[in-house]
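A.B. asks: Sequence below, structure please.
(one chain, ligands or ions: 1)
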Amino acid sequence: MAVPPIPPKYTWAYTDWSRPSDPINVIFINIYLEEIQNYLEIERNWEVPGLFASDQYIPVQNIINSSSQNLQLVKRIDSFHFTRYHARFWNLTRYIRDVRCIIVAGVHLDRFRGTGHVSADFESIEDFFANECRQNSVWQVTYDEYEIGNRFAGYELPYNDGRATVVRRKRK
Ligand SMILES: [Ca+2]
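C.D. replies: As a prediction, the model looks like this:
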């Protein structure tokens, strides 16, 4: 199955939509959010971050409506939360026709700077995350498969090649 049309390109910290925050860089097709969470928590040591993570938003249907993420997961690199892998997931299934389930994710490296975390790396963390997913024997992972068109945000962000990794269920 092809990737459904027009997934959102970025996530936003504020719903004035003035400045995108992180690129959407992973797309799950026909894999449910609960399955993603269970796998990453149980098999790959990811966890729900609790208080140490902020909400972000994507526009849905039109620019007026927005949705905060349905799930956040982090994988700690140090014992605290200063440096970590961070993924925010949105379930878009009810907004996109003709697909059973689509989840989009923005994954990045967080570094703690002063008052909060900033996204410090995208492309290599997308590859790291793709590799985490590739360890799941029933998922098929294609690096940088889908040209989502978010390479240039209009201001400086860490490097991102504009192509999202796609994760599907393997055919039996
Ligand atoms: Ca990419």
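A.B. asks: Sheet partners, orientation included, of the lengthiest strand in the chain?
C.D. replies: When the chain is parsed with DSSP state E, its longest strand is strand 102-113. Sheet pairing of strand 102-113 (DSSP bridges) gives strand 26-29 (antiparallel), strand 83-91 (antiparallel), strand 116-121 (antiparallel).
A.B. asks: chain center to it, what's the gap?
C.D. replies: Taking the mean of its C-alpha atoms, strand 102-113 sits 6 Å from the chain's own mean (CA atoms, centre = their mean, to the nearest Å).
A.B. asks: And it, what's buried?
C.D. replies: For strand 102-113, burial by neighbour count (16 or more other CB atoms under 10 Å) applies to 102, 103, 104, 105, 106, 107, 108, 109, 110, 112. Every residue, glycine included, has its C-beta placed from N, CA and C.
A.B. asks: Out of the strands paired with strand 102-113, which is closest to the ion?
C.D. replies: Minimum separation from the ion across the strands paired with strand 102-113 (CB to the ion) falls at strand 26-29, 8.6 Å.
A.B. asks: which residues make contact with the closest one from outside it?
C.D. replies: 1, 3-4, 7, 36, 87, 99, 101-107, 126, 129-130, 133, 146, 148, 164-169 (CB atoms under 8 Å, 6 or more residues apart in numbering).
A.B. asks: got it, and stretch 160-169?
C.D. replies: Defining contact as CB under 8 Å, 6+ apart, one finds that stretch 160-169 is touched by 1, 3, 7, 23-31, 104, 122-123, 126-127, 129-130, 133, 138-152.
A.B. asks: Is the ion within reach of that stretch?
C.D. replies: Yes - with CB under 5 Å from the ion as the criterion, the ion is reached by stretch 160-169 at 161, 163.
A.B. asks: and that stretch, what's its mean pLDDT?
C.D. replies: Mean pLDDT, stretch 160-169: 95.
A.B. asks: just stretch 41-52 next, same as before
C.D. replies: Stretch 41-52 shows a mean pLDDT of 92.
A.B. asks: center of the protein - which residue?
C.D. replies: The residue lying closest to the centre of the chain (CA atoms, centre = their mean) is residue 105, at 1.8 Å.
A.B. asks: Any figure for the gap between the nearest residue in space to that residue that is not next to it in sequence and residue 157?
C.D. replies: Closest residue in space to residue 105, ignoring its immediate chain neighbours: residue 26 at 4.2 Å, by CB to CB, 6 or more residues apart in numbering. Counting by CB to CB, to the nearest Å, the gap from residue 26 to residue 157 is 16 Å.
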